[in-house]
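Visitor: please find the sequence and the predicted model below.
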Amino acid sequence: MTGVLVLPCRSDESEKPKDKQTKLEAKAKVTKEEATKIALSKVAKGTVKECELEKEHGKLIWSFDIASPDTADITEVQVDAKTGKVISVEKETPAAQEKEKQGGTGEQKNKKAKDKD
């Protein structure tokens, strides 16, 4: 694929990001590269802006923020890191993206704390 930009994944856990990421990647059966291809197949002419391997709702997932040409919206695609199945595809407006960067809603913060291992 041409024009694909893949940035390093990050972890929002309290451990050192690299250590936590390495532990999570060891549990994943689907590689970052495989998950990227799956996610990009859901967004025509998309470019990965950010990806993250995380535990969410008890599942290990690859989460991708994918930009599309001619729109400021971001498509968030979540791929199960064990099966490769697409879990969700959601559009985020610039306002929603900014809210997420600032920590999200209280419900999102509680979910993140609950999902930490």
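Guide: Everything's here; your move.
Visitor: what is the least confident helix or strand in this structure?
Guide: helix 106-115 (a mean of 40; mean pLDDT, DSSP states H and E).
Visitor: is the one residue sitting closest to the centre of the chain part of a helix or strand, or is it coil?
Guide: Centroid-nearest residue in the chain: S63, 1.6 Å away (criterion: CA atoms, centre = their mean). Secondary structure assignment for S63 (DSSP: H, G, I helix; E, B strand; the rest coil): strand.
Visitor: the chain should start at 45 in everything you say after this.
Guide: Understood, numbering begins at 45; the last thing we discussed is S107.
Visitor: OK, contacts around it?
Guide: Residues near S107 by CB atoms under 8 Å, 6 or more residues apart in numbering: 95-98, 100, 120-123. Backbone N, C-alpha and C define where each C-beta goes, glycine included.
Visitor: return the member of those nearest to A83.
Guide: V121 (4.0 Å; CB to CB).
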